[in-house]
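In: Using only what follows, build the 3D model:
(one chain, ligands or ions: 2)
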Amino acid sequence: MSKKILIVAGDGIGPEVMGEVERVIAWYNDKRGFDADIENELVGGCCYDAHGVAVTDETVEKAKKADAVLLGAVGGPKWDNVPYEGRPEAGLLRLRKDLELFANLRPALCFSALADASSLKREIVEGLDIMIVRELTGGVYFGEPKEITDLGNGERRGVDTQVYTTGEIRRIAEVAFDLARKRDNRVMSVEKRNVMKSGVLWYEEVAKLHKEKFSDVTLENMLADNCAMQLVRNPKQFDVIVTDNLFGDVLSDIASMLTGSLGMLPSASLGAKDANGKACAMYEPVHGSAPDIAGTGAANPIASILSFAMALRYTFELGADADLLEKAVDTVLADGLRTGDIMQDGMKKVGTTEMGDAILAALDKLNG
Ligand code: IPM
Ligand code: MG
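Out: Ligands and ions are numbered 1, 2, ... in the order given. This is a model prediction of the structure:
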């Protein structure tokens, strides 16, 4: 049975980088018997322009049925003034929520060829390998009430609600503990229990679950502000970091710069397995739509390509194929090819397509 992949390239540089991913998928179909069917749909600003919504019901249904959804990026200044419900990000958030993609895995890995592209010193980031596990369908992103009300006295009040249940905390912590067992067996749980009730609950529930099922894993706790500071002071102290939706959003942007560029960071958003063992999954680069360079052919396709590698690993359970793709990226970087965002003295500057060409050539070579 052929594999079903839904590509939603989105806005800005999304279509350019996803074009390279399509070529990589075609290579796997050709050379590794991957056998995937690709469909393309709109999400984000481009969907708003076509349909007046950031994602259509039909696309959400298709996404639920797909084995994997690959997303490029959404948003851009063009849609700054559309109604809040129709803004490009609403399409992405609806996909996350409707597919119940509660577990967002954001690895931050420093390729040694790029250690000098980081704004931090080489010795701080070289060899870095951390995994941020971000809760993705709860917290302040979705909590109700979420509104702006008129107080009638010339004042308005904006409210967002941070809310977590024990079940939501336990299932994301479980993912983190499971991942840690396959890595360095250490979990850092991050919240702000010094000011937030949801943080107190987070702390208590993670500790409880640890005692019940994962006492072989080392568990430590850190306040989110301290974690932000520790990530730039000594990032290699971390193995797996597990945290809520908003802290995870912020901390993963910090972590991305440790790796040289936001253009390098992939992510996987995974749902719970249903009765048949099928889980929804969406893979996307951590970077945004970069409207400033969209259409110029300068975007770095590596984060999107590495996101497809995560799909090979987590959805299709093809670990060796994922390793191969990661190795191909590594080879190209070691050969000195760089897109603008990771450019360094003495390296060869290339565009999106040339980077794709080089990765395909490296795949051919490694595949023998
Ligand atoms: C991310 C992005 C999104 C988020 C935006 C585009 C809604 O920043 O995936 O990190 O805040 O989750
Ligand atoms: Mg973000």
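In: and the closest residue to D129 other than its chain neighbours, how many residues sit next to it?
Out: Of all residues beyond its chain neighbours, the one nearest D129 is L109 (5.3 Å), with distances taken as Cβ to Cβ, 6 or more residues apart in numbering. In short, each C-beta sits where N, CA and C put it, glycine included. When counting by other Cβ atoms under 10 Å, one arrives at 19 neighbours for L109.
In: Let me see the contact set for L109.
Out: With contact taken as Cβ atoms under 8 Å, 6 or more residues apart in numbering, L109 is in contact with L128, D129, I130, T259.
In: I figured the first one hits L258, correct?
Out: Yes. With contact defined as Cβ atoms under 8 Å, L128 counts as touching L258 (5.7 Å).
In: so what's C227 up against?
Out: If you count contacts by Cβ under 8 Å, 6+ apart, C227 has them with M188, V190, I241, T243, F247, L251.
In: which of these has the most neighbours?
Out: Neighbour counts for the contacts of C227 were taken using other Cβ under 10 Å; the highest belongs to V190, with 30 neighbours.
In: element containing it?
Out: Using DSSP states H and E, V190 sits within strand 186-191.
In: Just the element for the residue of the stretch 151-300 of the chain found nearest ligand 1, please.
Out: Per Cβ to the nearest ligand atom, the residue of the stretch 151-300 of the chain with the smallest distance to ligand 1 is D249, at 4.5 Å. Taking DSSP H and E as the definition, one finds D249 inside helix 245-258.
In: Quick one: list the elements packing against that helix.
Out: Taking 3 or more Cβ pairs under 8 Å, 6 or more residues apart in numbering; DSSP states H and E as the contact definition, the neighbouring helices and strands of helix 245-258 are strand 103-109, strand 129-135, strand 186-191, helix 224-233.
In: rewinding a little: relative to strand 129-135, how tilted is the strand holding V190?
Out: When axes from the mean of the first three to the mean of the last three Cα atoms, to 10 degrees is applied, the directions of strand 186-191 and strand 129-135 differ by 40 degrees.
In: List the pairing partners of strand 186-191 within its sheet, with orientation.
Out: Paired neighbours of strand 186-191 in the sheet (DSSP bridges): strand 218-223 (parallel), strand 240-243 (parallel).
In: Point out the residues in the protein that sit beside ligand 1.
Out: For the chain, the residues in contact with ligand 1 under the definition Cβ under 6 Å from any ligand atom are E89, L92, D249, V286.
In: Run through the residues that contact the spatially closest residue to the third one that is not a sequence neighbour.
Out: This points to D249. Spatial nearest neighbour of D249, chain neighbours left out: R134 (6.9 Å); criterion: Cβ to Cβ, 6+ apart. For R134, the contact set (Cβ under 8 Å, 6+ apart) comprises N104, L105, R106, T243, D244, N245, F247, G248, D249, L251, S252.
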